[in-house]
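Trainee: next one to model:
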Amino acid sequence: MCTLKKIDRYLNENDAGLKKLEQMLKNYDWWYTMTEDPKVRKKGEKQRKEILDLVDKLDGGKPGKAKYLYLKYANKNTGLTPEAERELKKLEKEV
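Mentor: Got it, this is the predicted structure:
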């Protein structure tokens, strides 16, 4: 199984998009939905949309390196649904 420490081998030094995505994932408030503060919630929703839009853009609409990176960080920070876990395992073989 791949760890976050090994993700760098998947990130091409020339691929600024994946580097940007990784930085966004590191700075993302994975637990923003738990707050009662509407400002925090609005900021979290905006960040989530930006991240998912970038994932789609980088992968061209089909799961690839960006989706893999997103799922690895999601799993580390909040855990995954069984469906997302299956997708992550499939992507680990392909990436």
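Trainee: residue 85 versus the residue nearest to residue 57 when sequence neighbours are not counted, what's the distance?
Mentor: Distances taken as Cβ to Cβ, 6 or more residues apart in numbering place residue 17 nearest to residue 57, at 7.4 Å, with adjacent residues excluded. All C-beta atoms are positioned from the backbone trio N, CA, C, and that covers glycine. Per Cβ to Cβ, to the nearest Å, residue 17 is found 25 Å from residue 85.
Trainee: between those two, which has more neighbouring residues?
Mentor: residue 17 (17 against 13; other Cβ atoms under 10 Å).
Trainee: can you give me the helices for the chain?
Mentor: For the chain, applying DSSP state H gives helices covering 16-27, 38-59, 65-77, 82-94.
Trainee: now, of these, which is deepest in the fold?
Mentor: Neighbour counts (mean count of other Cβ atoms under 10 Å) averaged over each of those peak at helix 65-77, with a mean of 20.
Trainee: closest to the centroid, which residue in the protein?
Mentor: Nearest to the mean C-alpha position of the chain, by Cα atoms, centre = their mean, lies residue 70 at 1.6 Å.
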